[in-house]
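# build the 3D model from these lines:
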Amino acid sequence: MLENPRSPRVRAVAKLTKRSARTETGLFLLEGPQSVREALTYRPEAIVELFATPHGWEKHADIRAAAAEAGVDVEYVSEDVLHAMADTVTPQGLVAVVRQTPTSVRDIFDAAPRLVAICEEVRDPGNLGTIIRAADAAGADAVVLTGRTVDPYNPKVVRATTGSLFHLPVSVGSELDEVVRRAHDAGLQILAADVKGDDLLAARADGVLGASTAWLFGNEARGLEDEALTRADRVLRLPIFGRAESLNLATAASVCLYESAFAQRAASTG
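Residues are numbered from 1 along each chain as shown. Predicted coordinates for the structure are as follows:
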């Protein structure tokens, strides 16, 4: 059992809360049973190390079974060590070190997707994680993050995805122009979500939402820059029926992705 929270090995794991360490190693940190469970189910080959307190390991029979089936060994650690490794105050007895497995933007669009979320300069980790989770829930084929968007392997992003990071391809680091070009070459329209756009209800009536689509989402505070808006085939906004000043980015993105998912499924069933 690892019991010294100041040991070099523990410190190496704890450093993964920093982007510099994640970039250098190509690894990231998972915390808690839900994230570990999803990694074991969908990407067990990416798990490099799995740590657990004896109590945390005993508590989750399904995780023990999944680890055994995947051939992933667990190393016991003390509560102090687990807290030293983790980014959260309550990691719930489980922490894993996992290899980053981004998908190239070329492979994403070569796979003929029908629904994609593009995030341009999304800076809030909670928002990005929620968008990835919403894209997964809406049945999107991928999420593409441009170079100015927050690191998807940031611990706060990973937690906010609640495991969806392991369910669909995520591309990182491409420039928006390249992403738009590849999306158009793959036959997708670019719909930008922005308060400067047309009412989304009109697009629903026009049947626009049923086509293969890449939704473009911008910065939480500024939205999309004018230059980015020119890359879109159409700019749409969600109507505000109540007194709210605006919608949170992740909430708006969730609505947009589901609007397309509903329309695409209706179109496919005739």
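# name the nearest residue to residue 13, sequence neighbours excluded.
Residue nearest to residue 13 in three dimensions, not counting chain neighbours: residue 85, with 4.5 Å by C-beta to C-beta, 6 or more residues apart in numbering. In short, each C-beta sits where N, CA and C put it, glycine included.
# quick check: the closest residue in space to residue 126 that isn't next to it in sequence vs residue 224, distance?
Leaving aside its sequence neighbours, residue 126 sits nearest to residue 160 (C-beta to C-beta, 6+ apart; 5.0 Å). Going from residue 160 to residue 224 by C-beta to C-beta, to the nearest Å gives 22 Å.
# same question, residue 203
Distance from residue 203 to residue 224, by C-beta to C-beta: 17 Å.
# could you do residue 182 as well?
Residue 182 sits 19 Å away from residue 224, going by C-beta to C-beta.
# equivalent analysis for residue 234, please.
For residue 234 relative to residue 224 (C-beta to C-beta), the value is 13 Å.
# what touches both of these two?
Common neighbours of residue 234 and residue 224, counting by C-beta atoms under 8 Å, 6 or more residues apart in numbering, are residue 192.
# of the two, which one has the most company?
Taking other C-beta atoms under 10 Å, residue 234 and residue 224 do not tie; residue 224 has more neighbours (24 against 16).
# just checking, the more buried one touches residue 216?
Yes - between residue 224 and residue 216 there is a contact under C-beta atoms under 8 Å: 6.7 Å.
# any residues in contact with both of those two?
Shared contacts of residue 224 and residue 216, counting by C-beta under 8 Å, 6+ apart, come down to 120, 192.
# which stretches of the stretch 101-250 of the chain form helices?
105-110, 125-137, 155-161, 176-185, 200-206, 226-229, 249-269 (DSSP state H, counting those that start in this stretch).
# counting by contacts, list what the last one packs against.
Read it as helix 249-269. Under the contact definition 3 or more C-beta pairs under 8 Å, 6 or more residues apart in numbering; DSSP states H and E, helix 249-269 sits against strand 115-119, helix 125-137, strand 189-199, helix 200-206, strand 213-217.
# looking at these, spot the one closest to residue 74.
Proximity to residue 74 (C-beta to C-beta) singles out helix 125-137 among those, at 25.7 Å.
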